[in-house]
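Undergrad: Generate a structure from the sequence data that follows.
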Amino acid sequence: MIVISLCISAVIKTIIFNISHQKKLPPGPTTVPVIGNFFWLLRAPFSEYPSAFRALRAKHGPIFTLRVGSSPAIFICTPTLAHQALVENGAT
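TA: Numbering: from 1, shown residues only. This is a model prediction of the structure:
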């Protein structure tokens with residue numbers, strides 16, 4: 001009973017935190033609260049990740065977000081955008 005109530009309160013806390021601290025992030029696949037896109041990552045073997053990322057790039061554009069747990073991971077797929085994000089706008 002205690003474990004179930006702790007799990008429910010963790011899910012509610014995460015949902016409330018995500019709603020109140022929404023940041024403008026690049027688009028990405030739909031996520032499950034707390035778990036994120038972890039099941040999406042488990043669907044394909046590690047060797048097939050490049051093709052999966054190409055499919056995400058085709059669907060969401062050259063910059064997309066995957067949530068691993070509750071942390072967002074932003075993927076930049078072109079060298080020019082990576083240079084612009086990391087070198088030219090690195091301070092921001």
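Undergrad: for the lowest-mean-pLDDT helix or strand in the chain, packing partners?
TA: Using mean pLDDT, DSSP states H and E, the weakest-scoring helix or strand in the chain turns out to be helix 38-43, at a mean of 72. Packing partners of helix 38-43 (3 or more Cβ pairs under 8 Å, 6 or more residues apart in numbering; DSSP states H and E): strand 63-68. In short, each C-beta sits where N, CA and C put it, glycine included.
Undergrad: contacting residues around the strand it packs on?
TA: For strand 63-68, the external contacting residues (Cβ atoms under 8 Å, 6 or more residues apart in numbering) are 25-29, 31, 36-38, 40-41, 56-57, 72-77, 81.
Undergrad: ok, back up a step: so what does the next helix or strand after the least confident helix or strand of the chain touch, helix or strand wise?
TA: Heading C-terminal from helix 38-43, the first helix or strand you meet, by DSSP states H and E, is helix 49-60. Of the remaining helices and strands, those touching helix 49-60 by 3+ Cβ pairs under 8 Å, 6+ apart are strand 63-68.
Undergrad: Need the mean per-residue confidence for the lengthiest helix in the chain.
TA: The helix that spans the most residues within the chain, counting by DSSP state H, is helix 2-20. With pLDDT averaged residue by residue, helix 2-20 scores 77.
Undergrad: so Pro26 touches Pro72, yeah?
TA: No: Pro26 is beyond contact range of Pro72, at 9.1 Å (criterion: Cβ atoms under 8 Å).
Undergrad: For stretch 28-41, buried residues please.
TA: Applying a neighbour-count criterion of 16 or more other Cβ atoms under 10 Å, one finds 28, 31, 34, 36-37, 40 buried in stretch 28-41.
Undergrad: In terms of helices and strands, where is Ala73?
TA: When secondary structure is defined by DSSP H and E, Ala73 falls within strand 71-76.
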